[in-house]
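A.B. asks: what follows is a predicted structure for the sequence shown.
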Amino acid sequence: MFPGGGQPDMQQLLQQAQKMQQDLAAAQQELAETSVEGSAGGGLVRATVTGSGELKALDIDPKAADPEDTETLADLVLAAVRDANAEAQKLQQEKLGPLAQGLGGGGGGGIPGLPF
């Protein structure tokens, strides 16, 4: 498992863990600063969220605002937000997926004592 069959160099392991933590923090910051868009109703409603899932903007075309049918508008808003969040999750997988694999997949196979 370790070169030469010896014990792992604890200093080296700590440095690797620290580097992975820094990479993870940088990826999370990048996600928070990146915007993705989702839409519904052929673009009548558009939602913009950050890569971390925070709703930043909602654009509603006046054609979608029928005072007699607010349920459809509400459905379009929900669909647009869900679409934007799905895009944000894809972005999270792209940015954080490789880091999670480097940390042991996050399924209990990570580095003991670290919160991931």
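C.D. replies: Yep, it's here.
A.B. asks: what strand or helix carries the closest residue to residue 51 other than its chain neighbours?
C.D. replies: Nearest in space to residue 51, with sequence neighbours left out and distances taken as C-beta to C-beta, 6 or more residues apart in numbering, is residue 31 at 3.4 Å. Glycine gets a C-beta too; all of them are placed from N, C-alpha and C. Assigning secondary structure by DSSP states H and E places residue 31 in helix 10-33.
A.B. asks: wait, doesn't residue 61 sit right on residue 42?
C.D. replies: No: assessed by C-beta atoms under 8 Å, residue 61 is found out of contact with residue 42, at 9.3 Å.
A.B. asks: buried sites along the least confident helix or strand in the chain by mean pLDDT?
C.D. replies: Lowest on mean pLDDT, DSSP states H and E among the helices and strands of the chain sits helix 10-33, with a mean of 86. Within helix 10-33, the residues that count as buried by 16 or more other C-beta atoms under 10 Å are 17, 20-21, 24, 27-28, 31.
A.B. asks: try stretch 32-46
C.D. replies: Quick answer for stretch 32-46 (16+ other C-beta under 10 Å): 36-41, 44-46.
A.B. asks: low-confidence ranges in this protein?
C.D. replies: For the chain, the stretches flagged by pLDDT under 70 are 1-8, 100-116.
A.B. asks: now do the helices in it.
C.D. replies: 10-33, 70-102 (DSSP state H).
A.B. asks: can you give me the distance of the residue nearest the centre of the chain to residue 49?
C.D. replies: Of all residues in the chain, the one closest to the mean position by C-alpha atoms, centre = their mean is residue 92, 2.9 Å from it. The gap separating residue 92 from residue 49 is 11 Å, by C-beta to C-beta, to the nearest Å.
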